[in-house]
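Student: Fold the following and give me the result.
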Amino acid sequence: MTLATIQSVAIKRDKQRSWAISSGHTGTLAITCLTALAILIHGYHPFAEDAGVYLPGIEKILQPELFPFHGHFVVEQSRFSLFAPAVAALVRISGVSLMMVMFLLYVACVWTTLFAAWKLASRCWSSLDAQLGAIALLALCLSMPVAGTSLMLFDPYVTGRTVSTPLCILALAYGVDMIRSPQIARPVLFGAKWPRHLALCAIAIASAALIHPLMAAYALGCILILACLSSSSVRTRMLSLLAILLIVGIASVLIYCLSSLPSISYIEAARTRTYWFLSTWHWYEALGLCAPLIILSAASLDRSKWKLNSANAIAKMAVIAGVLGLLVEGVFVHESSRTYAVARLQPLRIFQMIYIVLILTIGAYIGRFVLKQSIWRWAAMIVALGVGMFAVQRETFPHSSHIEFPWIGQKNDWTQGFLWIRANTSENAIFAMDADYISFPGEDAQGFRAISERSGLPDYSKDGGVAAISPDLADDWVVGARSQDHLNRLTDSQRIARLKSLGVEWIILPNGANTSFLCAYANESMKVCRLPKS
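Tutor: Got it, this is the predicted structure:
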């Protein structure tokens, strides 16, 4: 090797090292700014939707005397996850209030999700414009729903998925490190040896599994598919992918055939999860499954020099994972199935990872070929998408503050009523309200148990979801949901006949509902009334 060649190589390495350091600083600054922007756009609603299921489990650990009745619906989410115990431990160790810990955890998880996405993007695209475009689009689309799965890319509240999502993306990034060949150009920053990447990938997946085992399992599946694609031998790739297909198929058959027949109550609970069954989907939901696979298939064929080989690999991985998920769904998940054991695993939830890869890929193309280094173009995209996503979130939670900071009073009337209940009723009291109360105008899907810290009869929506995953709870769910069906439309005598035998002491009604019960609290939207003792 000549002296000139050696000098050329040295200069090239210096430039790579400089690029790595510069892009690292740029990434950290971009991630921090995009975190603030994402929270401003997508908001924060600590008691809404699935947060109303997860939060009571933490409250129960911190105060075991809470939820003495129907508490099994509270603790069920903690059976196979360390999420609730870990958050409770943070509260005890820090001495900070639970709601402040939840808010800080939310901010940290948004930042970590974008950080993990940056790590993955930097392994897939050599252009800094592409990397920034990838994480910018992800930040703008965090609250995008994943077609027909009842999931968002990232919820505007804290659940186990909030913590598992960044860990799964990090695991995928380290998985890319493991399979990249030495010939692939990459910054010096990522020059660590293969065993280190294996260890980091394993730690990330294991941590995610402790928090959300199901989502971690699907992320692990994606990494295994990626490993199969890394072989330089076509025959090896095909055989390894066929092995994965056989393993998934055999496991699905065993789960389907060996599971016991469901009870009538469980069938009713399972069928409330309409998103489990493709036959109940709208056409646009089906399009939401097919379109990402088509787009990523096209992206995997692009051999542009600005893309590293790993970009094509993760696109192919996403397509194969999506097809596998659809095959399992199509074969084993039907409303008329003899058992819903496979349905409970929700195989289409693997599309959360697929959507993340899709958004990063589209963002990379936009950053590289459209936005480039034009400040005005970047600003136009951020404003256009940001305003659109902000409008959707405001439409979703129109009667609540957009960002429900823990130090600011609650704006929502139903939340105010639930807080009154927490402050003015006994911890042993049992409450009832319409089974579908979270769909009431102005309620904004605010969780009763999470806010009031009081026992309530099982509702149709969220407790129905818990019962659909845990068949043992189905009978109790049916009794609770049926006893509260259209409760706001009944006469007082009908309400007493339904609720007295269940130990209910209080009933929560919309403000306009007719009743002669004594109502201790009322506002413009709801009222809290006591059932007669005799």
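
Student: give me the element the closest residue to A520 other than its chain neighbours is part of.
Tutor: Among residues not flanking A520 along the chain, V528 sits closest, at 5.8 Å (CB to CB, 6 or more residues apart in numbering). In short, each C-beta sits where N, CA and C put it, glycine included. When elements are assigned from DSSP states H and E, V528 belongs to strand 526-530.

Student: For the residue nearest to A520, the count of nearby residues, please.
Tutor: Neighbouring residues of V528 were enumerated by other CB atoms under 10 Å; the total is 23.

Student: Also L293?
Tutor: L293: 20 surrounding residues under other CB under 10 Å.

Student: I figured it hits L324, correct?
Tutor: No: checked against CB atoms under 8 Å, the pair L293 and L324 is beyond contact range at 11.2 Å.

Student: do you know how far the residue nearest to A520 is from S493?
Tutor: Summarising the geometry, the distance separating V528 from S493, computed by CB to CB, to the nearest Å, is 20 Å.

Student: Kindly report the same for A315.
Tutor: According to CB to CB, A315 stands 63 Å off from S493.

Student: Over to L258?
Tutor: In this structure, L258 lies at 48 Å from S493, with CB to CB as the measure.

Student: again, but for R530
Tutor: When CB to CB is applied, the distance between R530 and S493 equals 16 Å.

Student: Same drill for the two, tell me which one is more crowded.
Tutor: When R530 and S493 are compared on other CB under 10 Å, the one with more neighbours turns out to be R530, at 14 against 8.

Student: Next, the contact list for that one, please.
Tutor: When contacts are counted by CB atoms under 8 Å, 6 or more residues apart in numbering, R530 touches 505-507, 517-520.

Student: Check I58 too.
Tutor: I58 sits next to 84, 87-88, 91, 98 when contact means CB under 8 Å, 6+ apart.

Student: same deal with K462?
Tutor: Contact criterion CB under 8 Å, 6+ apart gives 49-50, 52-53, 438, 447 as the residues in contact with K462.

Student: okay, the residues you listed in TSV with distance to L140 and neighbour count next?
Tutor: Output for the contacts of K462, formatted as TSV (distance: CB to CB, whole Å; neighbours: other CB atoms under 10 Å):
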residue	distance to L140	neighbour count
E49	21	23
D50	22	22
G52	26	25
V53	27	21
I438	27	21
G447	27	25
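
Student: Work out for me the element the most centrally placed residue in the chain sits within.
Tutor: Nearest residue to the geometric centre of the chain (CA atoms, centre = their mean): R161, 4.4 Å. Element membership for R161 (DSSP H and E) is helix 160-179.

Student: Just list what that helix packs against, helices and strands only.
Tutor: helix 98-124, helix 194-211, helix 213-229, helix 309-332, helix 351-366 (3 or more CB pairs under 8 Å, 6 or more residues apart in numbering; DSSP states H and E).

Student: Need the mean per-residue confidence for it.
Tutor: Averaged across helix 160-179, the pLDDT comes to 93.

Student: Check stretch 262-274 too.
Tutor: 93.

Student: Report the contact partners of G175.
Tutor: With contacts taken as CB under 8 Å, 6+ apart, G175 has the following neighbours: 197, 201, 222-223, 226-227.

Student: ok, and the closest non-adjacent residue to it?
Tutor: I223 (4.0 Å).
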